[in-house]
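> starting from these lines, generate the structure:
(chains A, B, C and D)
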Protein chains: 2
Amino acid sequence: MARGDVLAAACPSRVVLRHLTSRWGVLVLIALQSGTHRFSDLRRKIGGVSERMLAQTLQFLEADGIIDRRDYQAVPPRVEYTLTPLGVEAADKVAALADWIEVNLPRITGLQETNLPAAKGEVAVRS
Amino acid sequence: MARGDVLAAACPSRVVLRHLTSRWGVLVLIALQSGTHRFSDLRRKIGGVSERMLAQTLQFLEADGIIDRRDYQAVPPRVEYTLTPLGVEAADKVAALADWIEVNLPRITGLQETNLPAAKGEVAVRS
DNA sequence: GTAAGTACGCACAAATTTGTTAGTGGTGTC
DNA sequence: GACACCACTAACAAATTTGTGCGTACTTAC
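Okay, the predicted model is just below:
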């Protein structure tokens, strides 16, 4: 019920959806599920993020009310990020998807082998 | 349990995650929840997709064993797309997230207004 | 006979995302 | 006293994603 217009181009949900399902957004939510983290803790925990992308992702999520940013105004900068109640709910959904993928990865990649005999990397080959 | 390495840069789950959470991937899964669709049915149903992107998205999902592509080899081309059992599970997770967003959108955008008084569009402003 | 629809592939351009480098202003470590 | 660390930002370059026609081989509708 009530679902219907995500498929419509103008649906405002799409913006939030993009933030939550963005490459790093997903991982930030998962990382924060285990509690409050500082910026560089997140950076170390999430393999492959650049500072720039992490900062940007955190800003989007903060603006969406998904995470809470707390600046201690200390002199060696100290900022902490935590999931808001809203964020906890969102993180649950996102983590559920990620967990499902991890569990079912064998099934997925197994199929890939039979489907794509000569596939290299991302490129799908079609005869 | 078992979750742990999505946060690692080399985790193979990330690839699948990208496909499922891609801009159009999410919408394709949701659209296919209501049953089999032809290419141009999907194109009409999902507002804003280009033919190119739809085709590409479908190929990724097919390679991942999420959807099934059936080509009738007919002369006005006729191809049908359906969720595989694997795809049905994935679509559930994705749709759960999308539904959650739609339901909680008021809470989210409400916060945005109070957080970003002078924000225009996507750009977060910080004084 | 003219136009529209089908399920795409191709080439090219535009937009968006991502990375890289450098810098800030101090403080604690050697 | 030289250095790394903290939480970023700005400027610029590179990579990736996305869009925009255009073509196809044929059929049905007007």
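> backbone phi and psi for residue A:78, please?
Torsion angles at residue A:78 (phi, psi; degrees, to the nearest 10) stand at phi -140, psi 110.
> now do it: how many residues are near it, please.
Burial of residue A:78 is recorded as 12 neighbouring residues (other CB atoms under 10 Å in any protein chain shown). From N, CA and C alone the C-beta is placed, and that goes for glycine too.
> now the most centrally placed residue in chain A: which helix or strand?
Closest residue to the average C-alpha location of chain A: residue A:26 at 0.9 Å, with CA atoms, centre = their mean. If you go by DSSP states H and E, residue A:26 is part of helix A:23-32.
> put the alpha carbons of that helix into CSV.
Extracted in CSV, the C-alpha atoms of helix A:23-32 (Å, rounded to 0.1, in the frame of the first residue of the first chain):
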residue,chain,number,x,y,z
ARG,A,23,28.2,3.4,-3.1
TRP,A,24,29.5,4.8,0.2
GLY,A,25,26.1,5.6,1.8
VAL,A,26,25.4,1.9,2.2
LEU,A,27,28.7,1.2,3.8
VAL,A,28,28.5,4.2,6.1
LEU,A,29,25.2,3.0,7.4
ILE,A,30,26.5,-0.5,8.0
ALA,A,31,29.6,0.8,9.7
LEU,A,32,27.6,3.0,12.0
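> those residues of chain A touching DNA strand C, which are they?
A:18, A:22-24, A:48-53, A:56, A:75-77, A:126 (CB under 7 Å from any atom of the strand).
> can you give me the helices in chain A?
Taking DSSP state H, the helices of chain A run over residues A:13-21, A:23-32, A:39-45, A:51-63, A:85-115.
> can you add mean pLDDT and give those helices back as a markdown table?
What follows is the helices of chain A, written out as a markdown table (pLDDT from 0 to 100):
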| stretch | mean pLDDT |
| --- | --- |
| helix A:13-21 | 90 |
| helix A:23-32 | 93 |
| helix A:39-45 | 92 |
| helix A:51-63 | 93 |
| helix A:85-115 | 85 |
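> can you tell which of the ones you listed is closest to residue B:44?
Taking CB to CB, helix A:13-21 is the member of those nearest to residue B:44, at 17.4 Å.
> just to revisit the earlier point, could you check how far the helix holding residue A:26 is from the centre of its chain?
Here helix A:23-32 is found 4 Å from its chain centre; the criterion is CA atoms, centre = their mean, to the nearest Å.
> how about that helix, does it get close to chain B?
Yes. Helix A:23-32 lies within reach of chain B by CB under 8 Å from any CB of the partner chain, at A:23, A:26-27, A:30-31.
> residue A:84: neighbour count?
When neighbours are counted by other CB under 10 Å, residue A:84 comes out with 16.
> please disregard the earlier target; I meant residue A:83.
Taking other CB under 10 Å as the criterion, the count of residues near residue A:83 is 23.
> quick check: the gap between the residue nearest to it when sequence neighbours are not counted and DNA strand C.
The shortest distance from residue A:83 to any non-neighbouring residue, by CB to CB, 6 or more residues apart in numbering or on different chains, is to residue A:32 (4.9 Å). With distances taken as CB to the nearest atom of the strand, to the nearest Å, residue A:32 is found 18 Å from DNA strand C.
> coming back round to it: what is the helix holding residue A:26 packed up against?
With contacts taken as 3 or more CB pairs under 8 Å, 6 or more residues apart in numbering or on different chains; DSSP states H and E, helix A:23-32 sits against helix A:13-21, helix A:39-45, helix A:51-63, strand A:79-83, helix A:85-115, helix B:13-21.
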